[in-house]
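> Okay, here's the prediction I keep looking at, along with the sequence it came from:
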Amino acid sequence: MKYKYLGKTGVQVSELCFGTMSFGSNADKDNSRAMYKQVRDAGVNFFDCANVYQKGVAEEYLGEFIKGERDDLVIASKGFFPMTDKPNDRGASRKNLTASLNSSLKRLQTDYIDIYFIHGFDKNTPIEETLRVLQDFVSQGKILYIGVSNFAAWQVSKAMSIAEFKNLTPIHCIQPMYNLTKRQAEVEILPMAKEENLGVMTYSPLGAGLLTGKYGPGKAPLSGRLVDNSMYTTRYGGDFYYRVAGEFTRIAEKRGIHPASLAVAWAASHPVVTTPIIGAGNPEQLLPSLKSVDIVVDNELKAEIDKISPPPPPSTDRTEEQTKFNYGAMLQK
Ligand SMILES: NC(=O)c1ccc[n+]([C@@H]2O[C@H](COP(=O)([O-])OP(=O)(O)OC[C@H]3O[C@@H](n4cnc5c(N)ncnc54)[C@H](OP(=O)(O)O)[C@@H]3O)[C@@H](O)[C@H]2O)c1
């Protein structure tokens, strides 16, 4: 396992982050503990969690497992999504984030969280209110760095500008969705992250199970997130996803690679990605994702994969500027 600096922080994280969303869901406690040990043995020092994962259960499990080695680890958790039906138990307000962080710290049985994420953009709370309470958490030593997840590029940039002008703690890390069937981040989010030198943890490298070989046109397992969970059947619904899954499986198998290994390696191969966040329901599922670190995704393989799910169009319509035979390229030099 290699280690990389997380954006412009001086913190080194493993080239794979382990996501704990399955803890208490498709992974029972024994499988969760076994996967924790498996990734630690492989050299992973970076863990992603959120208060909302099984309404605190994932944080409780993680808190139990990390005992005795807390300071060797880089732990991320999040607040924002509703934990109950109560009106203030949600959002990025000072009130909710204060309560959420204190509860997360208790469940994780730790004094601090390394990276605290706002899990989504809150259009009802002024960004400055959110940034000021995050600044207070940093001053209190309860969090070390700030991250945002599921933000558009302009939302990150706006928050970063406000933080800079008001002399508040900057955003160090983003967490967008990114896999072969979800390449939107390539248009604005990843170029913005490169420009700002942000740490980039990308989630759902397997398309929540789509790119593991078990899905294809007319092919699906009897159970699994894309079959059982309506949010995910919507996110990955439609012929495009199943066609890409089938063709991707063929490309991987032709090379003797497990599709899950190739899918994670593909996400990791984007030069701006610091670390994909891998996830699984049990140690057997997890193994191919861990093995992704041995796979080189060279330009030839990239081009073959691009044919089945091409990169999205650029963020401006000046398509000619993407070629090298024009003044656009000269300007970019
Ligand atoms: N910030 C956010 O909003 C956000 C959102 C989502 C996730 N995340 C983070 O990212 C982490 C990873 O996300 P993800 O779970 O969506 O990642 P993923 O790697 O795309 O999907 C993982 C799922 O794929 C299936 N799978 C994994 N390996 C397999 C194998 N070898 N064979 C067959 N099926 C396999 C399992 O689901 P089934 O067995 O059910 O098919 C597993 O739970 C999460 O734990 C969380 O920390 C963050």
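Yep, that arrived.

> Arg132 - how many residues pack around it?
16 (other CB atoms under 10 Å). To be clear about C-beta, it is placed using only N, CA and C from the backbone, and glycine gets the same treatment.

> again, but for Met83
Met83 has 17 neighbouring residues, counting by other CB under 10 Å.

> Those residues of the stretch 151-300 of the chain touching the ligand, which are they?
175, 203-209, 212, 214, 224-225, 260, 277-281, 285, 288-289 (CB under 6 Å from any ligand atom).

> Quick one: mark the members of these that sit in helices.
Mapping those onto helices (DSSP state H) picks out 225, 260, 285, 288-289.

> So which of the residues you listed is the closest to Asn124?
Distances from Asn124 to these, taken as CB to CB, are shortest for Arg225 (29.6 Å).

> Was I right to think the closest one contacts Asn26?
Yes - with the criterion set as CB atoms under 8 Å, Arg225 and Asn26 qualify as a contacting pair; they are 7.2 Å apart.

> Which one's more surrounded, those two?
Neighbours per residue (other CB under 10 Å) separate Arg225 from Asn26, with Arg225 holding more: 23 against 19.

> residues touching that one, list them.
Shown here is Arg225, whose contacts under the criterion CB atoms under 8 Å, 6 or more residues apart in numbering are 26, 208-209, 232.

> a markdown table for the ones in helices among the residues of the stretch 151-300 of the chain next to the ligand, including distance to Ala303 and pLDDT?
A markdown table is the format used below for these (distance: CB to CB, whole Å; pLDDT from 0 to 100):
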| residue | distance to Ala303 | pLDDT |
| --- | --- | --- |
| Arg225 | 30 | 96 |
| Ala260 | 21 | 98 |
| Gln285 | 29 | 98 |
| Pro288 | 23 | 98 |
| Ser289 | 24 | 98 |
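
> May I ask which two of those residues are separated the most?
Taking every pair in these and measuring CB to CB, the maximum separation is 16.6 Å, between Arg225 and Pro288.

> before we move on, the earlier item: most neighbours among the contacts of Arg225, please name it.
The most crowded member of these, judged by other CB under 10 Å, is Gly209 (25 neighbours).

> Which positions are bridged to whatever residue of the chain ends up closest to the ligand in the beta structure?
Using CB to the nearest ligand atom, the closest approach of the chain to the ligand is made by Gly19 at 2.3 Å. Following DSSP bridges, Gly19 is listed with bridge partners Asp48.

> can you count the residues close to it?
For Gly19, the neighbour count with other CB under 10 Å is 26.

> Show the contacting residues for it.
Applying CB under 8 Å, 6+ apart, one finds that Gly19 lies in contact with 47-49, 203, 277-279.

> Could you save those residues as TSV and add columns showing neighbour count and pLDDT?
Formatted as TSV, those follow (neighbours: other CB atoms under 10 Å; pLDDT from 0 to 100):
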residue	neighbour count	pLDDT
Phe47	25	99
Asp48	28	99
Cys49	27	98
Tyr203	22	98
Ile277	24	99
Ile278	28	98
Gly279	26	98
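
> Just give me the closest of the residues you listed to Val296.
Comparing the contacts of Gly19 against Val296 with CB to CB places Ile278 closest, at 17.9 Å.

> What's the separation between Ala252 and Gly7?
Computed with CB to CB, to the nearest Å, the distance linking Ala252 and Gly7 is 31 Å.
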